[in-house]
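[1] Quick check, what structure comes out for this input:
(chains A, B, C and D)
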Number of protein chains: 4
Amino acid sequence: MKFFSDNAAAVHPRVWKALHDADQADAAYDNDALSQKLDEAFEALFGTECTALWVATGTAANCLALAAMVPPHGGVVCHREAHIEVDEGGAPGFFTHGAKLLLAEGEGAKLTPDAVRAVIDPIRNDVHQVQPHAISITQASEYGRAYAPREVAALGSLAAERGLGLHMDGARFANAVAHLGCRPAEVTCEAGVSALSFGFVKNGGMNAEALVFFEPGLADVVRYRRKRAGHLQSKGRYLAAQVLAMLEGDLWLDNARSANAAAQEIAGAAGARLIQPVEANEVFVVLSPAEQDALRAQGFDFYDWPAPAGAPGAARLVTAWNSDAGHVAALARAIAAL
Amino acid sequence: MKFFSDNAAAVHPRVWKALHDADQADAAYDNDALSQKLDEAFEALFGTECTALWVATGTAANCLALAAMVPPHGGVVCHREAHIEVDEGGAPGFFTHGAKLLLAEGEGAKLTPDAVRAVIDPIRNDVHQVQPHAISITQASEYGRAYAPREVAALGSLAAERGLGLHMDGARFANAVAHLGCRPAEVTCEAGVSALSFGFVKNGGMNAEALVFFEPGLADVVRYRRKRAGHLQSKGRYLAAQVLAMLEGDLWLDNARSANAAAQEIAGAAGARLIQPVEANEVFVVLSPAEQDALRAQGFDFYDWPAPAGAPGAARLVTAWNSDAGHVAALARAIAAL
Amino acid sequence: MKFFSDNAAAVHPRVWKALHDADQADAAYDNDALSQKLDEAFEALFGTECTALWVATGTAANCLALAAMVPPHGGVVCHREAHIEVDEGGAPGFFTHGAKLLLAEGEGAKLTPDAVRAVIDPIRNDVHQVQPHAISITQASEYGRAYAPREVAALGSLAAERGLGLHMDGARFANAVAHLGCRPAEVTCEAGVSALSFGFVKNGGMNAEALVFFEPGLADVVRYRRKRAGHLQSKGRYLAAQVLAMLEGDLWLDNARSANAAAQEIAGAAGARLIQPVEANEVFVVLSPAEQDALRAQGFDFYDWPAPAGAPGAARLVTAWNSDAGHVAALARAIAAL
Amino acid sequence: MKFFSDNAAAVHPRVWKALHDADQADAAYDNDALSQKLDEAFEALFGTECTALWVATGTAANCLALAAMVPPHGGVVCHREAHIEVDEGGAPGFFTHGAKLLLAEGEGAKLTPDAVRAVIDPIRNDVHQVQPHAISITQASEYGRAYAPREVAALGSLAAERGLGLHMDGARFANAVAHLGCRPAEVTCEAGVSALSFGFVKNGGMNAEALVFFEPGLADVVRYRRKRAGHLQSKGRYLAAQVLAMLEGDLWLDNARSANAAAQEIAGAAGARLIQPVEANEVFVVLSPAEQDALRAQGFDFYDWPAPAGAPGAARLVTAWNSDAGHVAALARAIAAL
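    Now for the predicted structure:
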């Protein structure tokens, strides 16, 4: 019973169908009919002009976005535990040609305007110090916390005021929007986000994410950089097909709701063990080593997590769009019984 | 009737089946059971120790290989018409952090030891000039020409003598091997090739190529660089599945033989129009603009090509593993009838 | 008797004096009084608004200029024998993060609009090919040839028409202007040049060149990149002092005239041996190996040069601002006597 | 009365003499007789085989050293307040092609083995996290603190144990050695340092630092990278001359002793105001804004410094090799009188 990650879940049947429907030869790269529909599909979703490019991974989406916003000599403010800082093997440094991540603090791996100011205000405005050019936030955060529309908007205002771009790593964007119950535009374009890495892989896709630009001009240079990074696949129609299938009939939201519901079921059982409020599909709980062993002995797989101060141990439990209802219920029962 | 490229062809049914068989959740990235089988599968094919990594595109495979062989201040000898020079949007410069392509001449876009020496011998051995660190050749070449085992071996000897790595861009490796009728090892590891970009996408795959290293050590650093380039997909099992399906029962060779046979049928009809001997699945023919129009009017799609000196025009006709037999025959007839 | 290069000549006494005058402690980096005068000094010289930064080498000046004009995924058209292509150890690739040099042909290492068009017109306007973003020319060229104002202006027009920047490597700018007898603005800002590497080191300086920007905005980002490249010296006043001393009373022109005159004296003796018209301080002559030996036996030092087709051998003879009159006369006699 | 920095002090008379003595034309770049003597001069100083290259700035020295030790996908452990992190405009990211600085804590801007382990031990050994490849320390530190031989050796042991390089930023190496009274080898090669940026500019030089490699092989690739970074000056003899003059008769130590003595005089007067023990030529003192104003009103120039917790304000006072004895005494008196 796997609660390791949503990273390795199966592909949704409607995505499979879309893949097969795309099998017919068409133009190569992103000149095919499906890839050409992406802008329109996201414009319908966000209700504003935008440009969308497929890429195979969230790391590529994040780093192509940052490279479009930040010169090599610039910096990006992000949380100390942001995925781009901790888990992308230095990819931001590669794509941006050495730009610097400027690390901010914040509860639940979320940034606030104050946290950003604490990082950028002390930077002297001279050539000896790396100047900030963008802010990057993760929605939902690395601790499964969602930014409410007003929280994103506050960061968007600060970004605008300081001339910074605002990037959103939306590896679990769907889970956050499903939790918030807001329109997707409320936490993106309407709140000042310039570029969104819209994740589908963790949510029922196979290997396609969308990089969505709300700011004219950013996308143009990214087309060149996507090719230059070896990310322009020749049979791009298979990526476009996945993305379009996920958008069709709001499959992305349905899948996220399923994953979130499973997480809530576990969270309900975890009660006081919860380290973070559960606002997406990740549940962080205090579990002693012995308790971890007990759960694993019952067949539950999950990752250890660094224990908060004073706790004997911790674990991360992740649900997916297709988490087995029986497994989820079993895990909830097992945790409650500890 | 599409003779544009093999780049956009459909996915082979056995690859589809393998993709579906891989749907069951497994470990993420390349920790899944299928990815773990790659080394063994290629060792069986090449009869020697090797390490294989999947990546989504040939550009990524080529450039990751070069980056492992060449320092940022170094150079790579390649043909003036090599794909890495002409059609990868500067990706080699990105992955190698600015290493230089040193351009050589050669009939049929093939390199010879003499052509390589003509480039590297005049380079002064000082810090003012970029020093060569590798040679990169394309098998089959950009003109659909195959390097025979002794031709690769001659380049391998030169590379060894000068302390250079030897990389093979095998976007159409299958077509070359099918044409040559040799063991794959004869034109790679046994001939001094250190790293091979083994192409599957043009040959029935969806979006997986293999980067095969015959030299211990080269692969280790590439694992980090693959991640850093955003090319470590989380559901890597779908890429491994494609590659393994292509190797299974020599599907890669069967598919290449089909494409090559179709090309030969067209070549037979083209006769004196042929610009290059046909040794893979590409047919380059002299066609005047009027003749091109005539063919297109009959429903044949293909790319213009720069005309050789004295010719009124030229075209490139590419067949694929699934080229429709009727379409091929029709094209052959149409050309013969011009 | 050294005719190797102007690269290693002594420092002019007025430059020495300026260095000593700058010894008094002042603000660090380029906040000192002398560095702050640079813009004004060059504005007086060129009669237009400009921004000037000191750097220690011509390579740094050239590459910082290119990096300001060309994105990492872009290209720079230059001559096949341009210094940036042949003799800077790949520095353009380093500073631009992998941009590509697009090589053009041209007599005397000079570019013409036709030569540039021959390179850029065949480039497909798609993401697969590196797009040109700038042209770089050398004044005087690597063969000591000067671009007349109308020649630069023709390239400037082409650059403007195609949206390209125009950079001038002026390692021997002084020698070219001295030869042409024009105002410096005629071959730079008035002719469409956006950035000029104005060389002083070969012309009596110690280790200061000026990077002059005629285009507002280009200089701003270069200030950051200069620091980031380790080229912002803390005692920058010693560099500014050199540059200002060279501009004072047109010392730069006087020195160049001396070097040019010495070159003309040698050229007069060389007669039919000349490979290139002498328009600066470099003399390229046909000399058989035996003749080279004979001159060397008489105490003349110089570099071999690749022989033009049909010639038995060649050499490069370079004069400097302080070439000894007796040595020059002796070399002229010796060549005449061959 | 300037106590801003040693950064902008005058050039020592013996350095001026050496510069003039080098005026005679010689071979270009580092082929001149003086540059060729560098290795030998440093071998005499350190009593071991080493290779030394001149560069114009400490930033270039530091970053070329790091680039030789750390691959683009790797990391360097340094103090959170290290110059490479805080004041080099992102140069480490440029020269290393995006390697990451891994920030450690430590009193007085000094690292300890425990502080380094606290950074590197939590790094998972996988491709998702940037792996450490080197440690960089500053001698004397950014707070003017010296590492004793056993402290460097403890870091050297850790580095060796973990397979990391050990780099020393010695912008004020002379001041540290003068303070410690040790042989220079005790805090470098004998303690496990692989590469030393040996500073001369702050200590009486004009614009030459030495990059000294104790590890065979590291220097070779740096020769190429120095050229590629535009740091190979053509009249390199003027840089070599400075360095040799500083080594001659231990001028570097004498100058450092002068600066240190001046700092001690001020420190003696500062007494309880001292924020850090004074172990080089920098004095960090608690000064309220009113006290700062009072000193400035008396003609003393210096930098504000971030106040330690609970203090009303702070300042940094830096002496130089040529600090005026009267100015120093006056400052000491003025501080005592506050």
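[2] in chain A, which spans are strands?
    A:51-55, A:74-79, A:100-104, A:131-138, A:165-170, A:195-198, A:209-213, A:282-286, A:303-305, A:314-318 (DSSP state E).
[3] Let me see the contact set for the nearest residue to A:A174 once chain neighbours are set aside.
    Nearest residue to A:A174, sequence neighbours excluded (CB to CB, 6 or more residues apart in numbering or on different chains): A:A256, at 3.6 Å. Bear in mind the C-beta positions are built from the backbone N, C-alpha and C, glycine included. Contacts here follow CB atoms under 8 Å, 6 or more residues apart in numbering or on different chains; on that basis A:A256 touches A:172, A:174-175, A:177-178, A:203, A:281, A:321.
[4] what about A:A256, distance to chain C?
    Plainly put, A:A256 is 32 Å away from chain C if you go by CB to the nearest CB, to the nearest Å.
[5] cool, A:G268 as well?
    For A:G268, the distance to chain C equals 50 Å [CB to the nearest CB].
[6] OK, contacts around the closest residue to that residue other than its chain neighbours?
    Using CB to CB, 6+ apart and skipping residues adjacent in sequence, the residue nearest A:G268 is A:A332, 6.8 Å away. Residues in contact with A:A332 (CB under 8 Å, 6+ apart) are A:265-266, A:268-269.
[7] interface residues of chain A facing chain D?
    Proximity of chain A to chain D (CB under 8 Å from any CB of the partner chain) is limited to residues A:72-75, A:86-90, A:93-94, A:96-100, A:127-130.
[8] Which ones among those lie within helices?
    Under the assignment DSSP state H, the residues of chain A next to chain D contribute A:86, A:93-94 to helices.
[9] Specify which member of these is nearest to chain C.
    Nearest to chain C among those, counting by CB to the nearest CB, is A:F94 at 10.5 Å.
[10] Can you give me the neighbour number for the closest one?
    For A:F94, the neighbour count with other CB atoms under 10 Å in any protein chain shown is 26.
[11] rank the strands of chain A by mean pLDDT and give me the bottom one.
    Per-stretch mean pLDDT for the strands of chain A is lowest at strand A:303-305 (a mean of 92).
[12] Which residues does that one contact?
    A:4-5, A:275, A:284, A:292, A:313-316.
[13] swap the cut-off to 6 Å and go again
    Strand A:303-305 has contacts (CB atoms under 6 Å, 6 or more residues apart in numbering or on different chains) with A:314-316.
[14] now stretch A:316-329
    With CB under 6 Å, 6+ apart as the test, stretch A:316-329 has contacts from A:1, A:3, A:5-6, A:9-10, A:203-204, A:255, A:258-259, A:262-263, A:265-266, A:281-284, A:302-303, A:305.
[15] First residue to last residue on that stretch, what's the distance there?
    17 Å (CA to CA, to the nearest Å).
[16] same deal with stretch A:274-287?
    First residue to last in stretch A:274-287 (CA to CA) measures 10 Å.
[17] That stretch: which residues count as buried?
    Buried residues in stretch A:274-287, counted by 16 or more other CB atoms under 10 Å in any protein chain shown: A:275-276, A:278-287.
[18] roughly how far is that stretch from the heart of the chain?
    17 Å (CA atoms, centre = their mean, to the nearest Å).
[19] would you turn the strands of chain A into a markdown table with distance to C:L64?
    Converted to a markdown table, the strands of chain A look like this (distance: least, CB to CB, whole Å):
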| stretch | distance to C:L64 |
| --- | --- |
| strand A:51-55 | 31 |
| strand A:74-79 | 17 |
| strand A:100-104 | 20 |
| strand A:131-138 | 18 |
| strand A:165-170 | 25 |
| strand A:195-198 | 29 |
| strand A:209-213 | 30 |
| strand A:282-286 | 46 |
| strand A:303-305 | 47 |
| strand A:314-318 | 47 |
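[20] returning to what we had before: generate a PyMOL selection restricted to the buried entries among the contacts of stretch A:316-329.
    Those of the contacts of stretch A:316-329 that count as buried under 16+ other CB under 10 Å are selected in PyMOL with:
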select buried, chain A and resi 1+3+5+6+9+10+203+204+255+258+259+262+263+265+266+281+282+283+284+302+305
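[21] Next step: the contacts of stretch A:316-329 restricted to helices.
    Per DSSP H, the contacts of stretch A:316-329 map to helices at A:255, A:258-259, A:262-263, A:265-266.
[22] Give me the subset of the contacts of A:A256 that lies in helices.
    A:174-175, A:177-178.
[23] Could you give the number of residues near A:G249?
    Neighbour number of A:G249 under other CB under 10 Å is 10.
[24] Would you confirm that A:R80 contacts A:L102?
    No: if you go by CB atoms under 6 Å, A:R80 and A:L102 don't touch, sitting 10.1 Å apart.
[25] and the gap between the closest residue to chain B within the stretch 101-250 of chain A and chain C?
    The nearest approach of the stretch 101-250 of chain A to chain B comes at A:G230, 3.2 Å away (CB to the nearest CB). Distance, A:G230 to chain C, using CB to the nearest CB: 12 Å.
[26] ok, back up a step: closest one to chain B out of the ones in helices among the contacts of stretch A:316-329, please.
    The nearest member of the ones in helices among the contacts of stretch A:316-329 to chain B, counting by CB to the nearest CB, is A:A259 at 13.4 Å.
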